[in-house]
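> the amino acid sequence is not available; the structure is as follows:
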């Protein structure tokens, strides 16, 4: 069923403008859907545009210019000889927006992409109009202990099959999947807590979203909310990504992705 859902999402996203941008040593893959005010989508770790956002991207594209990319080593974007970091990912997204001549945009990052979105607002505040952060964290202790304990045991072999298949179908060199998983886990296991002052300095209005049974602890998500000077919070029922229909957390027949889009659109349209 998940494979079928992903294939339907791929069909619904067909016809997008796509290409590769020279970005800090990468050939970064990107897609542009729709027209209007720009909304940038930043996918989760080990994911692609479609596996993270396939259930919600078409709704956004009805009234917005949606810009989505695949980060270093993900999907259609090949890896290069450097470690993964949220700071570098943010710099890569900023460089892509410069390449596309986007001076300012709304940003929605999910999971690892939420961490990247926060770093984008910290490092390149002039690019960010409004910020949506889904299922992210700012300190390692904010991750549920059982989730953190699973990181050293993560391999390409036990990767969720729908994510593994999406990578193998898109990657320019599918043999690099083990390298990607190793880099992702290294980034998480060696994560250094961010300075709360850096988050307090973010001036862009923010919407923090999570599931009530997410990867990050609910109390940490509330702490993150309170660090932002201008922020709102939305907690949805369910787990990691259920509220946007991310393929590993999607629930058949759920109306949560539709609701989540409505919440996000209202936030983006507000003063």
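Looks like it came in fine. This is a predicted model, so every value here is computed, not measured.

> all contacts plus neighbour counts: C-alpha atoms, from now on.
Will do.

> what about the strands in the protein?
For the chain, the strands defined by DSSP state E cover 17-23, 26-33, 37-42, 64-70, 105-110, 128-134, 206-211, 231-236.

> the fourth one pairs with which strands?
For strand 64-70, the paired strands and their directions (DSSP bridges) are strand 26-33 (antiparallel), strand 37-42 (parallel).

> just how off-centre is that strand within its chain?
Chain-centre distance of strand 64-70: 11 Å, with C-alpha atoms, centre = their mean, to the nearest Å.

> what angle do it and strand 17-23 make?
The directions of strand 64-70 and strand 17-23 differ by 50 degrees, with axes from the mean of the first three to the mean of the last three C-alpha atoms, to 10 degrees as the criterion.

> mind checking the strands of the chain for the one nearest to residue 52?
strand 105-110 (7.7 Å; C-alpha to C-alpha).

> please name every helix or strand in contact with that closest one.
If contacts are counted by 3 or more C-alpha pairs under 8 Å, 6 or more residues apart in numbering; DSSP states H and E, strand 105-110 sits against strand 37-42, helix 112-123, strand 128-134.

> for residue 28, find the nearest of these.
Nearest to residue 28, of all the helices and strands packed on strand 105-110, is strand 37-42, at 12.7 Å by C-alpha to C-alpha.

> so what angle separates the directions of the closest one and strand 128-134?
For strand 37-42 against strand 128-134, the angle by the same axes, to 10 degrees is 40 degrees.

> so which bits of strand 37-42 are buried?
Using 16 or more other C-alpha atoms under 10 Å as the test for burial, strand 37-42 gives 38, 39, 40, 41, 42.

> pretty sure residue 210 sits against residue 134.
Yes: contact criterion C-alpha atoms under 8 Å: residue 210 and residue 134 qualify, at 5.7 Å.

> so for residue 266, which of the strands of the chain sits nearest?
Nearest of the strands of the chain to residue 266, taken as C-alpha to C-alpha: strand 206-211 at 10.6 Å.

> just checking: what are the partner strands of that closest one?
Here, using DSSP bridges, strand 206-211 pairs with strand 128-134 (parallel), strand 231-236 (parallel).

> and the closest residue to residue 20 other than its chain neighbours, how many neighbours does it have?
Closest residue to residue 20 apart from its sequence neighbours, by C-alpha to C-alpha, 6 or more residues apart in numbering: residue 29 at 4.5 Å. Neighbours of residue 29 under the rule other C-alpha atoms under 10 Å: 23.

> with residue 257 instead?
Neighbours of residue 257 using other C-alpha under 10 Å come to 21.

> my read: it touches residue 246, true?
No: the criterion here is C-alpha under 8 Å, and residue 257 misses it with residue 246 at 9.0 Å.

> joint contacts of the two?
When contacts are counted by C-alpha atoms under 8 Å, 6 or more residues apart in numbering, residue 257 and residue 246 have residue 55 as shared neighbours.

> closest one to residue 153 among the strands of the chain?
Closest to residue 153 of those is strand 105-110 (C-alpha to C-alpha; 22.9 Å).

> circling back to that earlier point, need the strands paired with strand 64-70 in CSV (columns: mean pLDDT and distance to residue 152).
CSV is the format used below for the strands paired with strand 64-70 (pLDDT from 0 to 100; distance: least, C-alpha to C-alpha, whole Å):
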stretch, mean pLDDT, distance to residue 152
strand 26-33, 98, 27
strand 37-42, 98, 25
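
> dump the ones you listed to a markdown table, plus distance to residue 118.
Formatted as a markdown table, the strands paired with strand 64-70 follow (distance: least, C-alpha to C-alpha, whole Å):
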| stretch | distance to residue 118 |
| --- | --- |
| strand 26-33 | 20 |
| strand 37-42 | 11 |
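
> who wins for proximity to residue 99 among the ones you listed?
Comparing the strands paired with strand 64-70 by their distance to residue 99 (C-alpha to C-alpha), the top pick is strand 26-33, with 10.9 Å.
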